[in-house]
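Peer 1: sharing a model prediction with you, sequence too.
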Amino acid sequence: MLALDPILEGPLLWTPLFIIIGKVLFIFVVGLVATMFMVWYERKVVSGMQNRIGPNKAGPFGMLQTLADGIKSFFKEDLLPTRADRIVFRLAPFLAFVPAFLLWAVIPLGGDFSNGNDGTVTWFGHVTRVQLADPPVGILWVLAMSSIGVYGIMLAGWSSGSKYPLLGSVRASAQMISYEAALGLSLAAVLLSSGTLSTAGIVAGQNSLVDWNVISTGIVPFVIFLIAVTAELNRPPFDLVEAEQELVGGFNTEYSGIRFALFFLSEFMNVVTMSAIMVTLFLGGPQPLFDIPVIPGALEGTIWFLVKLFAFLYLFVWLRATLPRLRYDQLMDLGWKVLIPISLGWFLLLAALREFSPDGDAAESLRVVVISFVVAVIATGLFAAALKVSARNRAAANQPADNTGVTV
Amino acid sequence: MSQYLPIVVLFILAVLFGVLSFAASRLLAPRRPSIAKEAPYECGIVPSREPPERFPVSFYIVAMLFIMFDIEIIFLYPYAVSHTALGTYGFLAILAFSVVFFATFVYEVARGGLDWGPLQRGRTFTVDAAMVSPERTMTSTIRRVGTDGRLPAPGTEEAA
């Protein structure tokens, strides 16, 4: 099977065991350092966009600012509100940041995928992959972990016993499950073209620019996935969960000290991991665009991965600096009435194309597209009619309210 | 199952990191709780109301719809991964399922299950015109409340 990490197949000897432990420690450190970097990077880039200087005292260019903040949080008093549910309140930070760590496990961080190689490297005489584990259910693992992250936020708000965190967490859970549906549907389009759930397999399938899923699935699933991920991460313009102007701090209002630091950590770690997952799914992960001379293949993959990752990290910061926050009903309308129908329709179009025009023959493809277009028009008409009916019912429900208290 | 071994190790490490952070914070951080510090957050006022225990029903509807969509997604993934093996029959099955699914979704939207926000108080032109008309007097705008059960005002006893 293509999708498994070869080092875990044979009998477990000492050398493979040390390689595994080394990989785990490496991933752990990479996770923490990447998160620290992301916090600094966001503050620095946003301050540049707002004509400020940003952090510049701790370390070169203020790069150690996050470390200083983290150390400070150890020395801060950790309060437990009187009305809080004591067990759940303590558990919630774990539910938020442990899944954030575990997401790193399935991301291919490098490896030689050029010229159709399968991305394995040889370390100390053992063939392995530059990723912690490669279970055959890789993408389902990603979805599962991001779903558990919702529990962390929801329980944090619920257990605080205070009104602002509660409102924030109810909003958060509704928002996150809504966009998870759009996320899952647009992801199905990727699986259609890859034919495997393993992340290494998905990367191996994208071995030239036209095979990158962003192009081979049409640009639509990528755009929907990007929007849905932004909403999943509660990043602006979808940061209603912690809308400062309305909800103080949102779900983590009652958290202080190290507990707050862990929420903060998981939030920024999720930004990095979700960007990495987008790179893996749509931009070919460590697949090179062109061959960099001198540098060996395995290292080259990591360099390409980082380049693509940075593009997404910059994009997220850019969105935050640019876009105003959505209103809650606009957010829900966008998720349910725009993204979900489009992603479902696009998936069916891709499936029909693969089914009835497997060789990409122009005439057959055209026929499928024309039929799909007709079906799409009918579906859009139905949907528009439904929207009209609902708007009319709403207007009718409004009617008596207009005349109360006024005698003409 | 050995593929999951590194994930288990990472899980243990992550939990350990959290536990150690809490332990370190417990040793390093001051503990001087007071009533005011531990009270639920309010913007500078004394907390008066319990947090709400009931929510707008729309949140529940969204949660139920999500379960429906999750089932749809669960159905799509196996098809997407092995669509070559399943062939035309698989495609037709998924298509039929999607059509039924889309029909229920349209019904849901039509019944206003996904409408959000408060009802907008539509103001028609005639109402606005009445509001600014010169005929508005105290007698036309203030609704007289019945005097049942009230003690008569002093001095009006004889008049009534």
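Peer 2: Yep, it's here.
Peer 1: helix, strand, or coil at A:Val127?
Peer 2: Under DSSP: H, G, I helix; E, B strand; the rest coil, the three-state class of A:Val127 is strand.
Peer 1: settle this for me: it is touching A:Asp112, isn't it.
Peer 2: No. A:Val127 is beyond contact range of A:Asp112, at 11.6 Å (criterion: CB atoms under 8 Å). (Glycine included, C-beta is placed from N, CA and C.)
Peer 1: if you count surrounding residues, which of these two has more?
Peer 2: For A:Val127 and A:Asp112, the more surrounded residue by other CB atoms under 10 Å in any protein chain shown is A:Asp112, and the numbers stand at 19 against 14.
Peer 1: buried ones in the helix or strand containing A:Met38?
Peer 2: Following DSSP states H and E, one finds A:Met38 within helix A:14-49. By 16 or more other CB atoms under 10 Å in any protein chain shown, the buried positions in helix A:14-49 come out as A:16, A:19-20, A:23-24, A:27-28, A:31-32, A:34-36, A:38-45, A:47.
Peer 1: remind me which residues of chain A are low pLDDT?
Peer 2: A:1-12, A:115-118, A:297, A:398-408 (pLDDT under 70).
Peer 1: mind listing what the residue positioned nearest the centre of chain B touches?
Peer 2: By CA atoms, centre = their mean, chain B has its centre lying nearest to B:Phe59, at 3.9 Å. By CB atoms under 8 Å, 6 or more residues apart in numbering or on different chains, the contact set of B:Phe59 is A:170, A:173-174.
Peer 1: same question for B:Val62.
Peer 2: B:Val62 makes contact with A:174, A:177-178, A:332, A:336, B:114, according to CB under 8 Å, 6+ apart.
Peer 1: let's see it at 7 Å
Peer 2: Contact analysis of B:Val62 by CB atoms under 7 Å, 6 or more residues apart in numbering or on different chains lists A:174, A:177-178.
Peer 1: just the buried positions in the helix or strand where it lies, please.
Peer 2: Using DSSP H and E, B:Val62 falls within helix B:57-81. Under the neighbour-count criterion of 16+ other CB under 10 Å, helix B:57-81 has B:58, B:61-62, B:65-66, B:69-70, B:72-73, B:75-77, B:79-81 buried.
Peer 1: now chain B, which segments are flagged as low pLDDT?
Peer 2: Residue ranges of chain B with pLDDT under 70: B:1, B:44, B:46-53, B:117-131, B:143-160.
Peer 1: the helices in it, which residues?
Peer 2: Per DSSP state H, chain B carries helices over the ranges B:5-28, B:35-38, B:57-81, B:83-110, B:125-132, B:138-141.
Peer 1: touching chain B at all, stretch A:321-335?
Peer 2: Yes. Counting by CB under 7 Å from any CB of the partner chain, chain B has neighbours in stretch A:321-335: A:328-329, A:332.
Peer 1: closest to chain B among these?
Peer 2: A:Asp329 (3.5 Å; CB to the nearest CB).
Peer 1: I'd say that closest one and B:Ser58 touch.
Peer 2: No. Using CB atoms under 7 Å, A:Asp329 is not in contact with B:Ser58; the gap is 9.6 Å.
Peer 1: what do the two both touch?
Peer 2: Here A:Asp329 and B:Ser58 have B:Trp116 as joint contacts, going by CB under 7 Å, 6+ apart.
Peer 1: quick revisit: could you tell me which of the residues of stretch A:321-335 next to chain B count as buried?
Peer 2: Buried among the residues of stretch A:321-335 next to chain B by 16+ other CB under 10 Å: A:328, A:332.
Peer 1: just the ones of the residues of stretch A:321-335 next to chain B in helices?
Peer 2: A:328-329, A:332.
Peer 1: dump these to CSV, plus distance to A:Leu366.
Peer 2: Converted to CSV, these look like this (distance: CB to CB, whole Å):
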residue, distance to A:Leu366
A:Tyr328, 42
A:Asp329, 40
A:Met332, 37
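Peer 1: just those residues now: which is nearest A:Pro221?
Peer 2: Using CB to CB, the shortest approach to A:Pro221 within these belongs to A:Met332, at 21.1 Å.
Peer 1: isn't the closest one up against A:Tyr179?
Peer 2: No. Contact criterion CB under 7 Å: A:Met332 and A:Tyr179 do not qualify, at 9.9 Å.
Peer 1: pretty sure A:Phe305 contacts A:Gly285?
Peer 2: Yes. Shown here, A:Phe305 and A:Gly285 form a contact pair, counting by CB under 7 Å, at 6.0 Å.
Peer 1: the closest residue to A:Leu339 other than its chain neighbours: what's it in contact with?
Peer 2: Nearest residue to A:Leu339, sequence neighbours excluded (CB to CB, 6 or more residues apart in numbering or on different chains): A:Ala182, at 3.9 Å. Taking CB under 7 Å, 6+ apart, we find A:Ala182 in contact with A:224, A:228, A:335, A:339-340, A:343.
Peer 1: give me the phi and psi angles of A:Ala182.
Peer 2: The phi/psi pair for A:Ala182 (degrees, to the nearest 10) reads phi -60, psi -40.
Peer 1: please apply the same query to A:Gly284.
Peer 2: Here is the backbone geometry of A:Gly284 (degrees, to the nearest 10): phi 80, psi 10.
Peer 1: which ones are touching it?
Peer 2: A:Gly284 is in contact with A:203, A:206, A:212, counting by CB under 7 Å, 6+ apart.
Peer 1: what do you get if the cut-off is 6 Å, keeping everything else the same?
Peer 2: By CB atoms under 6 Å, 6 or more residues apart in numbering or on different chains, the contact set of A:Gly284 is A:206, A:212.
Peer 1: can you tell me how far it sits from A:Gly205?
Peer 2: Applying CB to CB, to the nearest Å, the value for A:Gly284 to A:Gly205 is 9 Å.
Peer 1: repeat that for B:Leu86.
Peer 2: In terms of CB to CB, B:Leu86 sits 19 Å off from A:Gly205.
Peer 1: who has more neighbours, these two?
Peer 2: Set B:Leu86 next to A:Gly205 and count neighbours by other CB under 10 Å: A:Gly205 wins out with 21 against 16.
Peer 1: if we ignore the residues flanking it in sequence, what's nearest that one?
Peer 2: Leaving aside its chain neighbours, A:Gly205 sits nearest to A:Ser194 (4.7 Å; criterion: CB to CB, 6+ apart).
Peer 1: the one you found: neighbouring residues, count only.
Peer 2: The local packing of A:Ser194 (other CB under 10 Å) involves 24 other residues.
Peer 1: again with B:Ala85
Peer 2: B:Ala85: 8 neighbours (other CB under 10 Å).
Peer 1: which ones are touching the one residue in the stretch 1-150 of chain A that gets nearest to chain B?
Peer 2: Going by CB to the nearest CB, chain B is nearest to A:Phe101 of the stretch 1-150 of chain A, at 3.9 Å. A:Phe101 is in contact with A:31, B:14, counting by CB under 6 Å, 6+ apart.
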